[in-house]
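Enquirer: Quick one: sequence plus predicted model below, questions after.
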Amino acid sequence: MRTKRHLGQNFLTGTHYPSHIVESVRPMPDEHILEIGPGEGALTALLLGAGARVTAVEVDPDLIPRLQQRFGKDPRFNLLEADALKVDLCRLVDEGCRIRVVANRPYYISTPLIQRLIEQRHCLSEMTLMLQREVVERIIAPPGGKDYGYLSVLVQLHAVVARLFDVPPGAFRPVPKVTSSVIRLRLQRQSVVSLVDERLFLLLAQVLFAQRRKTILNNLRAGFARLGLESPERLPAILELASLDGRRRAETLSLDEMAGLANLLGSMH
């Protein structure tokens, strides 16, 4: 089948890496797994073979008949033609349950998909994702380096992250120009730092990382209105109350330091 460039399709081939991914998931018999982007079914077949129940969400209508033909007779398989960035995934899950997600996604929607999945974390417990290696390096980056940014903060706020293994370009058809990595995100029911207003915290992170080469004071001055402040004049005093040096850059701030600043800003509204 011809792949569609506008959908960023790269299908897994062979058995080695699909088997390695499913072995890392370790699906239990009759466990409900949500697979996003089954493609031609390389992972689907192995998940079903392990005894799992699979709900697959596929955006490409041309793949739907092929997947139905291959797996449709299995009562444990359920296929939904939908865009995972738009569908309410939690309606696919039994009420009160939290299930695991497996996904091999196009690189260009990696960040939006992760954001979408984290938003629905009340019905998801774990995600095993194959992403571009550079994206994974940003997700797992600690404070202090060039890879640490908003995506790092968003994921590490809500998940315990483990990088599992790399997948070379030759494992896909067509062959991409980049190496992929498989990552596991164990979602936490509550954020790892104490927050008064999570929305404000994430908005603050966006403002702080808006221009990485600027100091946190200058980024705050540029984004003060987004944070609900009437003027930027009080920002030096606010940073002093938060015990933060305004000359630092956002990449040096820990989650705890950002949380302290966000909670202080929240108390001023």
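Expert: Cool, got the structure.
Enquirer: How is this structure partitioned into domains?
Expert: Listed domain ranges for the chain are 5-187, 198-267 (source: automatic domain parsing).
Enquirer: Let me have those in JSON lines, extended by mean pLDDT.
Expert: Conversion of the domains of the chain to JSON lines gives the following (pLDDT from 0 to 100):
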{"stretch": "domain 5-187", "mean pLDDT": "91"}
{"stretch": "domain 198-267", "mean pLDDT": "95"}
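Enquirer: export those domains to a markdown table and tack on mean neighbour count?
Expert: Placement of C-beta: from N, CA and C, glycine included. As requested, these are exported to a markdown table (neighbours: other Cβ atoms under 10 Å):
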| stretch | mean neighbour count |
| --- | --- |
| domain 5-187 | 17 |
| domain 198-267 | 17 |
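Enquirer: How far off centre is the one helix or strand Q68 maps to?
Expert: If you go by DSSP states H and E, Q68 is part of helix 64-71. Averaging C-alpha positions (Cα atoms, centre = their mean, to the nearest Å) puts helix 64-71 27 Å from its chain's average.
Enquirer: packing partners for the helix or strand just after that helix?
Expert: Along the chain past helix 64-71, the next helix or strand (assigned with DSSP H and E) turns out to be strand 77-81. Taking 3 or more Cβ pairs under 8 Å, 6 or more residues apart in numbering; DSSP states H and E as contact, the helices and strands that strand 77-81 lies on are strand 53-58, helix 64-71.
Enquirer: mind listing what V93 touches?
Expert: Applying Cβ atoms under 8 Å, 6 or more residues apart in numbering to V93 gives the contacts 32, 34, 99, 123-124.
Enquirer: right, and out of the residues you listed, which lies closest to P174?
Expert: For P174, the nearest member of the contacts of V93 is L34. The distance, counting by Cβ to Cβ, is 26.2 Å.
Enquirer: Okay, that closest one and M127: tell me how far apart.
Expert: Computed as Cβ to Cβ, to the nearest Å, the L34 to M127 distance reads 9 Å.
Enquirer: again, but for E257
Expert: In this view, E257 and M127 are 27 Å apart by Cβ to Cβ.
Enquirer: Also T13?
Expert: In this structure, T13 lies at 23 Å from M127, with Cβ to Cβ as the measure.
Enquirer: ditto for N218
Expert: Counting by Cβ to Cβ, the gap from N218 to M127 is 35 Å.
Enquirer: Cheers, nothing more for now.
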